[in-house]
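Student: everything below, folded, please.
(chains A and B)
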Number of protein chains: 2
Amino acid sequence: MTDTYRPDWVPEDAKKDDTFACHVMKGVKEMHDGLLSSSAHLAPSVRPVQRRKKLTVADYVRGIEQGDRVILSRAITLVESNNKDHFKLAQQVLQAILPRTGKALRIGITGVPGAGKSTFIEAFGNMLIEAGYKVAVLAVDPTSQVTKGSILGDKTRMETLTKHPEAYIRPSPAGGTLGGVARKSRETMLLCEAAGYDIILVETVGVGQSEVTVRSMVDFFMLIVLTGAGDELQGIKKGVMELADAIVVNKADGDNLKRALIARSDYDRMLHYIRPATEKWKTQAYTCSAVTKDGLDELWDVIQEFAEQGKENGVFLKRRQEQSLRWVRDMIDEHLHNLFFNNVVIQGRMGEVENAVLDGEMSESQAVEELITIFDKSLR
Amino acid sequence: MTDTYRPDWVPEDAKKDDTFACHVMKGVKEMHDGLLSSSAHLAPSVRPVQRRKKLTVADYVRGIEQGDRVILSRAITLVESNNKDHFKLAQQVLQAILPRTGKALRIGITGVPGAGKSTFIEAFGNMLIEAGYKVAVLAVDPTSQVTKGSILGDKTRMETLTKHPEAYIRPSPAGGTLGGVARKSRETMLLCEAAGYDIILVETVGVGQSEVTVRSMVDFFMLIVLTGAGDELQGIKKGVMELADAIVVNKADGDNLKRALIARSDYDRMLHYIRPATEKWKTQAYTCSAVTKDGLDELWDVIQEFAEQGKENGVFLKRRQEQSLRWVRDMIDEHLHNLFFNNVVIQGRMGEVENAVLDGEMSESQAVEELITIFDKSLR
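Tutor: Model (predicted):
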């Protein structure tokens, strides 16, 4: 690692905006850590800039290792920052805490809006805390720039979990490319692990490739679905069931119970046709209720069995290692992609070349050749 | 386009081997065009190098436009060549024939080995020729370097089609990256279109991402399956059904007919749960028999309806345009990827960095930073 190197591989959002773009987001996030007064939260746009003591790498590392939530939050803010100095500092912190990472169980959770992800996480998270675990809840939402963090934004659905000292909840980093959000979320996950959280729940909505991204950063991936199979299933995105280690039919209570049980067996039948996401693991459907808590224990048993079995047969470690190497390669590919497509000369010419291709005046190969020639020259 | 530019974006295989790597493949291919004697085919490794008149761009273009199969074959050999001069010449030919491309209906065909793709193509191709069409059959097989072209290699299964003057059959270009094979196949498709073929059948086996690649170059994509659903379905790769515009249960004849009809309704039921591959088109399952020819006409009606409907509602053109732009971008990404990962300095350091990541000594972001720094320096 060179100290003078300016990390131009920081995803594109960093280049567009080197300043702090997300005061509002920061306000929402840090509210949980008691840094700001509630009036600051109510009027984030007019709150004065808070002067805080600058922390050294050692300060961050010590704070994180002691499980200090304020320091953890500040470290995550650093990881999420698009400022290059912050990025460098964040990388030093990450390097220092690396030996303490990797011990948590990483669980991804997806489902269409309205499937009850938040209520599920509230109930499941509380159950885990009662069982003695420390739980961190993160989100990956590449649209959060637009929606101001739609998922995990509505804290009312996680009211008890939010207040719990053993739970740490962090909304999605503000948008940019999915790759940028993914890097920030993965690094946030590492910080939480170093801070002693045993279980990391990573929530995502089905936007673009976000499920694939979350699948690539977790050990166990579950799909939360609505009751009533059949036509509703059309709403489940292509290929998402193939990523899941478990399908969870939520809201299996009251009048809905019978429909939930039918949905469960419908999903089980469909799973018969799908190759499981994890080697040597049979993906199945389960029911649970965030209201009655039925099924939550069973689901946790399933996840523990998954982890134990995977650790014994080597699948668990193998996936983690593949994820790491894949992550390195994906970040490099994204860096190269951004370097090319954000190049001003390329951007100036791209539209014309694409139109020439669409109009049948230029073959695709020739378009590539021309663009690459332009790019090569622009670097010299 | 610059004349002096050396196209270093030609996929990696080109760099490893600038000479003619595939005499055997060429022997097999050109046999159909009557260029070589049968003894040359029987002993390809000892056959003397044939001196052929060098063709100009104008020669190629004229020959292709006249539907001259010998010239077409030589143009395809040029497109498939890993020699840089050939590449440049091929691009000039492609540019010249561009106005005559795009008029064919492009149909992709996939299925597990043994599903009967070759016998289906033989029967379906003959039916199309009898209906007055000129048919080209291509293959995309990224493993062909290893297997010496396993698909379309066994010509005995396409005996009558091979002999037909209105059919042109070309095995997969020899291996290399899937991206390299894909470029060659797409350009071969364009050459065939310019030579007057009305229907292009592109066969692929389910290796790696080859179905996704073929889906990205055709209008209509069909999955050929075996009779007997249930456990056999496990053999169908993740996500392949989601790419299909039709699922065709082959071998629906004799003792097998009843099972084929059951399989068909099983697949139809499954399709109910899957979002169709093409906007405004309902993917369904069909049965057919290469022996009795039952169902082939119906399938062709379905494909024609697909094309007509898509041309009316705009989906057909929209997909073609998206495919073109996606292809340009994918080729650029592949170029950048190869530039990086084939860089000798990167290759020399990659193993160590990856091990440091796997041993938990280096974070993934740091690995990326280090590798990119090395890469930047190596370019200077």
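Student: what residue in chain A comes nearest to chain B?
Tutor: Nearest residue of chain A to chain B, counting by CB to the nearest CB: A:L336, 4.0 Å away. C-betas here are computed from N, CA, C, even on glycine.
Student: is it fair to say that residue lies in a helix?
Tutor: Yes: counting by DSSP: H, G, I helix; E, B strand; the rest coil, A:L336 is part of a helix.
Student: surely it and B:F340 touch.
Tutor: Yes: the criterion here is CB atoms under 8 Å, and A:L336 meets it with B:F340 at 6.0 Å.
Student: ok, back up a step: which non-adjacent residue is nearest the residue of chain A closest to chain B?
Tutor: Distances taken as CB to CB, 6 or more residues apart in numbering or on different chains put B:L336 closest to A:L336, at 4.0 Å, once the chain neighbours are dropped.
Student: quick one: the helices in the stretch 101-250 of chain A?
Tutor: Using DSSP state H, counting those that start in this stretch, the helices of the stretch 101-250 of chain A run over A:117-130, A:144-147, A:159-163, A:178-194, A:210-215.
Student: so can I have CSV of those showing distance to B:R100?
Tutor: Below are these laid out as CSV (distance: least, CB to CB, whole Å):
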stretch, distance to B:R100
helix A:117-130, 53
helix A:144-147, 44
helix A:159-163, 64
helix A:178-194, 40
helix A:210-215, 39
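Student: to B:M362, which of those helices lies closest?
Tutor: B:M362 lies closest, by CB to CB, to one member of the helices of the stretch 101-250 of chain A: helix A:178-194, at 12.6 Å.
Student: CA atoms of that closest one as PDB?
Tutor: Only the C-alpha atoms of helix A:178-194 are listed here, as PDB (Å, rounded to 0.1, in the frame of the first residue of the first chain):
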ATOM      1  CA  LEU A 178     -24.600  -0.700  -6.400                       C
ATOM      2  CA  GLY A 179     -20.900  -1.500  -6.300                       C
ATOM      3  CA  GLY A 180     -20.300   1.500  -4.100                       C
ATOM      4  CA  VAL A 181     -23.100   0.700  -1.800                       C
ATOM      5  CA  ALA A 182     -21.900  -2.900  -1.600                       C
ATOM      6  CA  ARG A 183     -18.300  -1.900  -0.600                       C
ATOM      7  CA  LYS A 184     -19.600   0.400   2.100                       C
ATOM      8  CA  SER A 185     -22.000  -2.300   3.400                       C
ATOM      9  CA  ARG A 186     -19.400  -5.000   3.400                       C
ATOM     10  CA  GLU A 187     -16.900  -2.800   5.300                       C
ATOM     11  CA  THR A 188     -19.700  -1.700   7.700                       C
ATOM     12  CA  MET A 189     -20.300  -5.400   8.300                       C
ATOM     13  CA  LEU A 190     -16.600  -5.900   9.200                       C
ATOM     14  CA  LEU A 191     -16.700  -3.000  11.600                       C
ATOM     15  CA  CYS A 192     -19.700  -4.400  13.400                       C
ATOM     16  CA  GLU A 193     -18.000  -7.800  13.600                       C
ATOM     17  CA  ALA A 194     -15.000  -6.200  15.200                       C
END
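Student: contacting residues for the residue of chain A closest to chain B?
Tutor: With contacts defined as CB atoms under 8 Å, 6 or more residues apart in numbering or on different chains, A:L336 is in contact with B:D333, B:L336, B:H337, B:L339, B:F340.
Student: nearest the geometric middle of chain A, what residue?
Tutor: By CA atoms, centre = their mean, chain A has its centre lying nearest to A:V140, at 3.1 Å.
Student: now for that one: which residues touch it?
Tutor: With contact taken as CB under 8 Å, 6+ apart, A:V140 is in contact with A:S172, A:V181, A:A182, A:S185, A:V202, A:E203, A:T204, A:S210, A:T213, A:V214.
Student: pretty sure A:A252 is touching A:A290, no?
Tutor: No: with contact defined as CB under 8 Å, A:A252 does not reach A:A290; the gap is 9.5 Å.
Student: show me where the stretch 251-380 of chain A has its strands.
Tutor: For the stretch 251-380 of chain A, the strands defined by DSSP state E, counting those that start in this stretch cover A:284-287.
Student: all helices of it, in order?
Tutor: With DSSP H, counting those that start in this stretch, the ranges of helices along the stretch 251-380 of chain A come out as A:257-271, A:296-313, A:315-341, A:344-358, A:364-379.
Student: buried stuff in the third one?
Tutor: The reference is to helix A:315-341. For helix A:315-341, a neighbour-count test (16 or more other CB atoms under 10 Å in any protein chain shown) marks A:315-316, A:319-320, A:323-324, A:327-341 as buried.
Student: just the second one next, same as before
Tutor: Buried positions in helix A:296-313, judged by neighbour count with 16+ other CB under 10 Å: A:L296, A:L299, A:W300, A:V302, A:I303, A:F306, A:A307, A:G310.
Student: what about that helix, average pLDDT?
Tutor: Averaged across helix A:296-313, pLDDT comes to 97.
Student: dump it to CSV, keeping only the CA atoms.
Tutor: Extracted C-alpha coordinates of helix A:296-313, given in CSV (Å, rounded to 0.1, in the frame of the first residue of the first chain):
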residue,chain,number,x,y,z
LEU,A,296,-38.9,-18.1,14.7
ASP,A,297,-37.1,-20.6,16.9
GLU,A,298,-37.4,-23.3,14.3
LEU,A,299,-35.9,-21.0,11.7
TRP,A,300,-33.0,-20.2,14.0
ASP,A,301,-32.4,-23.9,14.5
VAL,A,302,-32.3,-24.3,10.7
ILE,A,303,-29.8,-21.5,10.3
GLN,A,304,-27.6,-22.9,13.1
GLU,A,305,-27.8,-26.3,11.5
PHE,A,306,-26.8,-24.8,8.2
ALA,A,307,-23.8,-23.1,9.7
GLU,A,308,-22.7,-26.2,11.7
GLN,A,309,-23.1,-28.5,8.7
GLY,A,310,-21.3,-26.1,6.4
LYS,A,311,-18.4,-25.7,8.8
GLU,A,312,-18.0,-29.4,9.1
ASN,A,313,-18.1,-30.2,5.4
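Student: how about the contacts of A:V140, which pair is most distant?
Tutor: Using CB to CB, those reach their maximum pairwise distance at A:A182 and A:E203, which is 13.8 Å.
Student: re the thing from before, I'd like the helices of the stretch 251-380 of chain A laid out as TSV, including distance to B:N126.
Tutor: Converted to TSV, those look like this (distance: least, CB to CB, whole Å):
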stretch	distance to B:N126
helix A:257-271	38
helix A:296-313	50
helix A:315-341	44
helix A:344-358	35
helix A:364-379	32
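Student: among these, which comes closest to B:V70?
Tutor: Closest approach to B:V70 among the helices of the stretch 251-380 of chain A (CB to CB): helix A:364-379, 23.7 Å.
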